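In: Sequence isn't available, so here's the structure alone:
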């Protein structure tokens, strides 16, 4: 719940936005900078000034794709939706959230996440090739009160951004909308197959304003429906048209595999997505999780190099597209490697199990008998906190896919159990599916890492704390 001070801050910022937005709409090309200034003020120093300066410079250049990006949002999105999302992400997550997260990391001596993922349900009305979600059946759900508890505990810790996974989370869209109404200082994102998006849902999305969607799509109709089923592409495109018509903010979720990379990176695909109103793309490397995993779908080392270089080209102001794309595997260098285990995020499945990652289905804590803080201080999450980064080459961030020996060790030492709802999978079975890729990727990643410049995210790991340095010194002296 927002404090009285936070409610006053929100009301003041809302009035300021209304005035500035009305002014900007009179001449968007000339006045868009005013909205950037307001966003920076709302963020309260949560992000470096140089980031805002770079964005201002890009937006003022009409030949820059980020100018087009900003104009697309301003011209296509509903003003109230923009305002409510800006207040949730700016004041809620950026200002109040960031301060609380940092303070609670010191207080509790463990990872405190900026984002929480949870599954409202395991149910899904599609069965995509190589996806574990469809294995789970339709019997596993979080209740509305359990979801409320997750958000209430999270906001107390400073977490104001919630991503809803599954299953198909929109099967629980009534409960999701309730969470959005009750927590206007939080932003919610649902990953969806788009089958349950209709006009009534768009009306409610517009009312709450703090819910966005990431629609699953994988390139062309042929490449998409190969994995997601006949008719899935058509349904998704129709949902995009409806969302754009209603002035809503949304993006896409793309699982890239060894088979679909040419399709999901093509100019034709990206241009169509921009035309349909997509403003962001979340790209995921295929992970061989679950009994029906298809190891051959893991991108090859050569494909990973291509994705790394393509990502930087497509975000470039002069060579890119007016859509913000991020890749959780190939962008790890910007966040100091693996962000799981509560470092920046963790996952709660539909049975309440706290998992370090949406792809790592092991747990030693459940929200039905532990608080979130107790789970973050459990042996499994402490192992993540103490061992991150799993590799100083942040092109090899994951303790499963690129460093499978790390996950084997963590599960063996903590005793965490498999949380697969159909067929438990041992760490050895899972990691064995990654060994071949990890070995092949290692020399390629080393060469790429050593031959390119990398950002300095200024991340502090456990090893950098006084306790971590003392522990390392003790170990070295033994």
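Out: Cool, got the structure. The shown structure was predicted, so the numbers you read here are calculated from the model rather than taken from an experiment.
In: remind me which residues of the stretch 101-250 of the chain are low pLDDT?
Out: 126-138, 225, 227 (pLDDT under 70).
In: can you pull out the strands in it?
Out: 115-118, 161-164, 187-192, 211-216, 250-256 (DSSP state E, counting those that start in this stretch).
In: helices or strands up against the longest one?
Out: Okay, so that is strand 250-256. When contacts are defined as 3 or more Cβ pairs under 8 Å, 6 or more residues apart in numbering; DSSP states H and E, strand 250-256 packs onto strand 211-216, strand 280-285. Every residue, glycine included, has its C-beta placed from N, CA and C.
In: What strands line up against the first one, and which way round?
Out: Here strand 211-216 has these sheet partners by DSSP bridges: strand 187-192 (parallel), strand 250-256 (parallel).
In: For residue 318, find the nearest of these.
Out: In terms of Cβ to Cβ, the element of the strands paired with strand 211-216 nearest to residue 318 is strand 250-256, at 22.4 Å.
In: Just the residues contacting the closest one, thanks.
Out: 191, 212-219, 227, 240, 243, 264-265, 273, 277-286, 299, 307, 323 (Cβ atoms under 8 Å, 6 or more residues apart in numbering).
In: possible to save the strands of the stretch 101-250 of the chain as TSV with mean neighbour count and distance to residue 454?
Out: TSV is the format used below for those (neighbours: other Cβ atoms under 10 Å; distance: least, Cβ to Cβ, whole Å):
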stretch	mean neighbour count	distance to residue 454
strand 115-118	22	23
strand 161-164	24	26
strand 187-192	25	28
strand 211-216	24	27
strand 250-256	24	22
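In: okay, those strands in CSV with distance to residue 360 next?
Out: CSV is the format used below for these (distance: least, Cβ to Cβ, whole Å):
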stretch, distance to residue 360
strand 115-118, 12
strand 161-164, 16
strand 187-192, 17
strand 211-216, 20
strand 250-256, 16
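In: what's residue 192 in contact with, if anything?
Out: So residue 192 contacts 168, 169, 170, 213, 214, 215, 216 (Cβ under 8 Å, 6+ apart).
In: 10 Å - rerun?
Out: For residue 192, the contacting residues are 164-166, 168-171, 173, 213-216, 236, 239, 250, 253, by Cβ atoms under 10 Å, 6 or more residues apart in numbering.
In: Show me which of these is closest to residue 38.
Out: For the contacts of residue 192, the nearest to residue 38 is residue 250 (22.6 Å; Cβ to Cβ).
In: so that closest one bridges to which residues?
Out: In beta-bridge terms (that is, DSSP bridges), residue 250 pairs with residue 213.
In: How about the contacts made by residue 207?
Out: Residues near residue 207 by Cβ under 10 Å, 6+ apart: 80, 81, 84, 177, 180, 181.
In: Farthest pair within those residues?
Out: Longest span within the contacts of residue 207, Cβ to Cβ: 80 and 177, 15.7 Å.
In: what does the domain assignment say about the protein?
Out: Domain assignment for the chain by automatic domain parsing gives 4-94, 108-478.
In: Reformat those domains as TSV; add distance to residue 101.
Out: Below are the domains of the chain laid out as TSV (distance: least, Cβ to Cβ, whole Å):
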stretch	distance to residue 101
domain 4-94	9
domain 108-478	4
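In: Out of the ones you listed, which one sits most buried?
Out: With neighbours taken as mean count of other Cβ atoms under 10 Å, the domains of the chain reach their highest mean count in domain 108-478, at a mean of 19.
In: Which among the strands of the stretch 101-250 of the chain is found nearest to residue 410?
Out: strand 115-118 (19.3 Å).
In: how about the helices in the stretch 201-350 of the chain?
Out: 221-228, 232-245, 261-264, 267-275, 301-314 (DSSP state H, counting those that start in this stretch).
In: Same list (those helices) but as JSON lines, adding distance to residue 67.
Out: Listed next are these as JSON lines, based on distance: least, Cβ to Cβ, whole Å:
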{"stretch": "helix 221-228", "distance to residue 67": "30"}
{"stretch": "helix 232-245", "distance to residue 67": "20"}
{"stretch": "helix 261-264", "distance to residue 67": "25"}
{"stretch": "helix 267-275", "distance to residue 67": "13"}
{"stretch": "helix 301-314", "distance to residue 67": "16"}
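In: closest to residue 460 out of these?
Out: helix 301-314 (25.5 Å).
In: could you check the angle helix 267-275 makes with the closest one?
Out: 40 degrees (axes from the mean of the first three to the mean of the last three Cα atoms, to 10 degrees).
In: Helix 301-314 to strand 280-285, inter-axis angle?
Out: Angle of helix 301-314 versus strand 280-285, following the same axes, to 10 degrees, is 170 degrees.
In: same for helix 301-314, what does it pack against?
Out: Judged by 3 or more Cβ pairs under 10 Å, 6 or more residues apart in numbering; DSSP states H and E, the packing partners of helix 301-314 are strand 250-256, helix 261-264, strand 280-285, strand 324-327, helix 427-451.
In: Now the terminal residues of stretch 337-347, how far apart.
Out: Taking Cα to Cα, to the nearest Å, stretch 337-347 runs 17 Å from one end to the other.
In: circling back: I'd like to know which of the helices and strands packed on helix 301-314 is closest to residue 37.
Out: Across these, closest to residue 37 is strand 324-327 (Cβ to Cβ), at 19.9 Å.
In: Relative to that closest one, what are the paired strands and their orientations?
Out: strand 280-285 (parallel).
In: what's the distance between the strand it pairs with and the middle of its chain?
Out: The chain centre lies 9 Å from the centre of strand 280-285; the measure is Cα atoms, centre = their mean, to the nearest Å.
In: Likewise for stretch 92-101?
Out: Worked out by Cα atoms, centre = their mean, stretch 92-101 lies 17 Å from the chain centre.
In: mind listing what's buried in it?
Out: For stretch 92-101, the neighbour count (16 or more other Cβ atoms under 10 Å) marks 92, 93, 94, 95, 96, 97, 98, 100, 101 as buried.
In: For the residue lying closest to residue 263 once chain neighbours are set aside, give me phi and psi.
Out: Excluding the flanking residues, the one nearest residue 263 by Cβ to Cβ, 6 or more residues apart in numbering is residue 219, at 2.6 Å. With angles defined as degrees, to the nearest 10, residue 219 sits at phi 90, psi -130.
In: I'd like to know how far residue 219 sits from residue 251.
Out: According to Cβ to Cβ, to the nearest Å, residue 219 and residue 251 sit 16 Å apart.
In: ok, back up a step: what would the helices and strands packed on strand 250-256 look like in JSON lines with distance to residue 54?
Out: Output for the helices and strands packed on strand 250-256, formatted as JSON lines (distance: least, Cβ to Cβ, whole Å):
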{"stretch": "strand 211-216", "distance to residue 54": "24"}
{"stretch": "strand 280-285", "distance to residue 54": "18"}
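In: which one of these lies closest to residue 15?
Out: In terms of Cβ to Cβ, the element of the helices and strands packed on strand 250-256 nearest to residue 15 is strand 211-216, at 23.0 Å.
In: and that closest one with helix 232-245, angle?
Out: 150 degrees.
In: re earlier: which stretch among the helices of the stretch 201-350 of the chain comes nearest residue 371?
Out: With Cβ to Cβ as the measure, helix 232-245 is the member of those nearest residue 371 (36.5 Å).
In: Could you work out the end-to-end span of stretch 289-307 for me?
Out: 21 Å.
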